[in-house]
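Peer 1: Need the 3D shape of this:
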Amino acid sequence: MRLAKTSLIAVCVAVLLVSSPAAAKLPPLSDEAKAKAAETAAKTEWTNKVGAYQLCRSMERTVEHYKKTASAGGKPVMAPVDTPPCTDPGAFVPPAATPPLEAAGAHSPPKTATAPPSSKQTAAELQGTAKK
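Peer 2: Residues are numbered from 1 along each chain as shown. So this is what the prediction gives:
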């Protein structure tokens, strides 16, 4: 029985030693995965804002109900505490997707090419000055 536990522990340690370097060498996230993660983060932030807005509105309704029932029962009502107004976060707007850079890291030209990039004219002829 003791030998079985010792061999089980040895196997577990061996598995951990072999698997930990493999987990450290994961490839970087693709641009699509990064965009999806950014959208998920934005959606979570918006959901938190909606939750805070709903809580704020609920507290306002509770205060109004308390004031109404307390004044009807003849109880004194405390002076209200100044708080910021509830702000509605509005509808969810996903973050704008940025186009990926080209593989070489260069940016595309601003206009679509209408002619081949090279010509038989010299730079001076293209600029309109005569060749000397």
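Peer 1: Can you tell me the SS state at residue 129?
Peer 2: Classification of residue 129 using DSSP: H, G, I helix; E, B strand; the rest coil returns coil.
Peer 1: ok, it - contacts?
Peer 2: Residues in contact with residue 129 (CB atoms under 8 Å, 6 or more residues apart in numbering): none are found. Quick note: C-beta positions are derived from backbone N, CA and C, even for glycine.
Peer 1: how near is it to residue 120?
Peer 2: 17 Å (CB to CB, to the nearest Å).
Peer 1: now residue 95
Peer 2: Counting by CB to CB, the gap between residue 95 and residue 120 amounts to 47 Å.
Peer 1: Which residue of the two possesses the greater neighbour count?
Peer 2: When neighbours are counted by other CB atoms under 10 Å, residue 95 comes out ahead of the other of residue 95 and residue 120, with 11 against 5.
Peer 1: Please tell me I have it right and the more buried one contacts residue 42.
Peer 2: Yes. With the criterion set as CB atoms under 8 Å, residue 95 and residue 42 qualify as a contacting pair; they are 5.1 Å apart.
Peer 1: Enumerate every residue touching residue 15.
Peer 2: Listed by CB under 8 Å, 6+ apart, residue 15 has no contact partners.
Peer 1: in which helix or strand would I find it?
Peer 2: Under DSSP states H and E, the secondary-structure element containing residue 15 is helix 2-24.
Peer 1: So for this structure, the centremost residue is which one?
Peer 2: Ranked by distance to the mean C-alpha position of the chain (CA atoms, centre = their mean), the top residue is residue 38 at 2.5 Å.
Peer 1: confidence score at that residue?
Peer 2: On the pLDDT scale, residue 38 is placed at 91.
Peer 1: Identify the residue nearest it in space, chain neighbours excluded?
Peer 2: The spatial neighbour of residue 38 that comes closest, neighbours along the chain excluded (CB to CB, 6 or more residues apart in numbering), is residue 95 at 5.6 Å.
Peer 1: And the one you found, how far from residue 43?
Peer 2: When residue 95 is compared with residue 43 (using CB to CB), they lie 10 Å apart.
Peer 1: State which helix of the protein is the longest.
Peer 2: Here the longest helix in the chain is taken by residue count, with DSSP state H as the criterion, and it is helix 31-72.
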